[in-house]
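Engineer: Okay, structure incoming, though there's no sequence with it:
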């Protein structure tokens, strides 16, 4: 169902700044949160920095297990993405509550999210800024895309539930990768 | 011309993942580069992480002076933003070449970019991941917006000169800031 994505192309998913989901798993229980504070750090192997607040239930799981999946939702999932962000895994079985389908990952224990158009299996690569800033550096081990979701439009958070949806695509003569 | 922006609102500019410009100044000479690898780290005081490749001419200036300005361009500047990214400050006086107007900042030496709708004066707050990842943590000291640019559409890089332009804005019931 999900198709392999070359690791060298991962940056094209995250560099534009979409709202993403982050899954973790601990003691046999999977959880999912909503995240906008992430950026690329290296093309290949793809490194991604992200900030997961220590107030989030996912923080302890990520720090302890050193594994997660970054799942990229398209516009059609926007209301679920917000609902996922409005509650905590402390109290809610989020996959069940919001009708998200966990799919077994290949390299890590946290699940992929079937409804997302891309899924990135990650391990924690560096924790030097975790204590000070809750900033993790992740390495993407394996990437998947859903070939049935063509040209998915992503959403970009502007604060307090306001999101910009991807509009037109433009092409300019760039020498930049 | 530029209007003060409350520091607590800075994240609303960068969290959506726009392509930005980064200005530096060294030995009396200002330079500007194009950057997509950035993320918010803290709301207030606003902290921003960014990756500036050591291959970029701006890297040495940023590391040595510990100051920069992040300027956020709207769609109308897209072709200039790409041209800025296609050349190096080693060889080109970019402000002059591309008709960008440097404006004196209040708290730092690097200039604001008059044509951008927002400008963030920054100092380097943490360099622990610079050697390993070229990752700087910046603190935003002062933020400006241009009140004449209303609802500016930003651009989001998808690789090799492909950009998504902001489309419609949607509002969902989020409890998230």
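Structural biologist: Received the coordinates, thanks. The structure presented is a predicted model; accordingly, all values stated were derived computationally and were not measured.

Engineer: From now on I want contacts and neighbour counts done on CA atoms only, so please keep to that.
Structural biologist: Will do.

Engineer: Provide a list of residues in contact with the residue nearest the centre of chain A.
Structural biologist: Central residue of chain A (C-alpha atoms, centre = their mean): residue A:70, 2.5 Å from the mean position. Residue A:70 makes contacts with A:20-23, A:112, A:119-122, as judged by C-alpha atoms under 8 Å, 6 or more residues apart in numbering or on different chains.

Engineer: which stretches of chain A form helices?
Structural biologist: Assigned by DSSP state H, chain A shows helices spanning A:11-14, A:57-65, A:78-86, A:94-97, A:130-133.

Engineer: hmm, back to that, any chance of CSV for the contacts of residue A:70, columns pLDDT?
Structural biologist: Formatted as CSV, these follow (pLDDT from 0 to 100):
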residue, pLDDT
A:20, 98
A:21, 98
A:22, 98
A:23, 98
A:112, 98
A:119, 97
A:120, 98
A:121, 98
A:122, 98
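
Engineer: Who wins on neighbours among those?
Structural biologist: residue A:119 (32 neighbours; other C-alpha atoms under 10 Å in any protein chain shown).

Engineer: doesn't residue A:140 make contact with that one?
Structural biologist: No. If you go by C-alpha atoms under 8 Å, residue A:119 and residue A:140 don't touch, sitting 9.9 Å apart.

Engineer: got a markdown table for the helices of chain A, with mean neighbour count, mean pLDDT and distance to chain B too?
Structural biologist: Shown next, in a markdown table, are those (neighbours: other C-alpha atoms under 10 Å in any protein chain shown; pLDDT from 0 to 100; distance: least, C-alpha to the nearest C-alpha, whole Å):
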| stretch | mean neighbour count | mean pLDDT | distance to chain B |
| --- | --- | --- | --- |
| helix A:11-14 | 20 | 96 | 5 |
| helix A:57-65 | 18 | 98 | 15 |
| helix A:78-86 | 19 | 97 | 5 |
| helix A:94-97 | 14 | 98 | 16 |
| helix A:130-133 | 14 | 98 | 7 |
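
Engineer: mind checking which of these is nearest residue B:158?
Structural biologist: For residue B:158, the closest of the helices of chain A is helix A:11-14, at 4.7 Å, according to C-alpha to C-alpha.

Engineer: what's near enough to touch residue A:38?
Structural biologist: A:14, A:17, A:48-51, B:38-40.
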